[in-house]
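J.: here is my input, please return the structure:
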Amino acid sequence: MKTVIVRGLNIGEGSPKIIVPIVEKNREAILVKAYSFIEMKIDAVEWRADFFEDISSIEAVIDVLRDVRAILLDIPIIFTFRTKKEGGERDISMEYYTALNTAVAKSGYSDLIDVEILSGDEIVKENISNIHEEGVFVIGSNHDFYKTPQKDDIILRLRKMQKMGVDISKIGVMPESAEDVLTLLSATNEMFKKYADRPIVTMSMGPLGVISRMSGEIFGSSMTFGAVGQVSAPGQIPVEQLATALDILHQSLKLK
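T.: Okay, the predicted model is just below:
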């Protein structure tokens, strides 16, 4: 399986890489949050731009992103506009979604851009093509905040992302039982062992799914989300605790 190397971070190798989100609403709060990450044990930062109050202005988005880039220096930045149907704060037209992602890619301030894989094949293809043309990586994503799909369906969605040419495939699901969490973990393991030719990221959300955010190195998930203050999805673990748990697991696996 090929890995994704961005700013020296090798995604898909070793312990899952820790991502922390920025979900603040205005420029000042976003920059304060970015500053707070500098001394933390994190690997990447995701700006959830659907929370941004001036999201309707591409110029305002690029201005903020430029300042976040200047603060974070060589920490990789993921740009994400999460639509409401997949758990985001608001909706925008797919035309604006594409224009926004394309402008961010052209700016050079973001290293990876999230593209929701079920936005319509032609829209997804256009987004991936535009982003790749600028030398930026694509995270294909899908989120189900209501249920955990069947194992085969989870694998099918991850394989679809690969087929469409994303660099990293990501899925998040909501469990209603411990069995649902096992379904997600089993799907992750099968995808990783049988089909994945690039990094995958999976998570079972909410309190029941916390184990999935820590056990990626066993089952095949290459990144995980930690929280610093407000979370961007239910079940995210405070980053200090997450880093400790990942390190304990990593060291134990080295003893095999």
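J.: any idea how far the closest residue to residue 236 other than its chain neighbours lies from residue 204?
T.: Leaving aside its sequence neighbours, residue 236 sits nearest to residue 227 (Cβ to Cβ, 6 or more residues apart in numbering; 4.0 Å). Placement of C-beta: from N, CA and C, glycine included. Remark: distance between residue 227 and residue 204 (Cβ to Cβ, to the nearest Å) = 16 Å.
J.: residue 180 now?
T.: Applying Cβ to Cβ, the value for residue 180 to residue 204 is 7 Å.
J.: more neighbours: the two, which one.
T.: Per other Cβ atoms under 10 Å, whichever of residue 180 and residue 204 has more neighbours is residue 204, with 25 against 19.
J.: now for the host helix or strand of residue 105, which elements pack on it?
T.: Following DSSP states H and E, one finds residue 105 within helix 94-107. Applying 3 or more Cβ pairs under 8 Å, 6 or more residues apart in numbering; DSSP states H and E, one finds that helix 94-107 contacts helix 58-72, strand 112-116, helix 121-133.
J.: mutual contacts of residue 180 and residue 204, please.
T.: 148, 173, 174 (Cβ atoms under 8 Å, 6 or more residues apart in numbering).
J.: before we move on, what SS does the residue nearest to the first one when sequence neighbours are not counted have?
T.: If you skip the residues right next to it in sequence, residue 148 has residue 180 as its closest partner in space, 3.9 Å away by Cβ to Cβ, 6+ apart. At residue 180 the chain is in helix, as set by DSSP: H, G, I helix; E, B strand; the rest coil.
J.: so residue 180 is in contact with residue 173, correct?
T.: Yes: when contacts are counted by Cβ atoms under 8 Å, residue 180 is listed as touching residue 173 (7.5 Å).
J.: output the below-cut-off pLDDT ranges for the stretch 1-150 of the chain.
T.: Judged by pLDDT under 70, the stretch 1-150 of the chain has no weakly predicted residues.
J.: which outside residues touch the lengthiest strand in the chain?
T.: Longest strand of the chain, by residue count under DSSP state E: strand 137-144. The contact list for strand 137-144 (Cβ under 8 Å, 6+ apart) reads 4, 6, 78, 80, 82, 86-87, 111-118, 124, 127-128, 131-132, 157, 161, 164-174, 201, 233.
J.: tilt between it and helix 94-107?
T.: Angle of strand 137-144 versus helix 94-107, following axes from the mean of the first three to the mean of the last three Cα atoms, to 10 degrees, is 150 degrees.
J.: next one: the residue nearest to residue 148, what pLDDT does it get?
T.: Note for residue 180: predicted pLDDT of 98.
J.: same question, the one 4 residues further on
T.: At residue 184, the predicted lDDT confidence score is 98.
J.: try the one 3 residues further on
T.: At residue 187 the predicted local confidence, pLDDT, stands at 98.
J.: show me what the helix or strand that contains it is packed against.
T.: Element membership of residue 187 [criterion: DSSP H and E] is helix 178-190. Contacts defined by 3+ Cβ pairs under 8 Å, 6+ apart place helix 178-190 against helix 151-164, strand 200-204, helix 210-214, helix 216-219.
J.: with mean pLDDT and distance to residue 18 added, can I get the ones you listed in TSV?
T.: Shown next, in TSV, are the helices and strands packed on helix 178-190 (pLDDT from 0 to 100; distance: least, Cβ to Cβ, whole Å):
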stretch	mean pLDDT	distance to residue 18
helix 151-164	98	21
strand 200-204	97	12
helix 210-214	95	10
helix 216-219	96	10
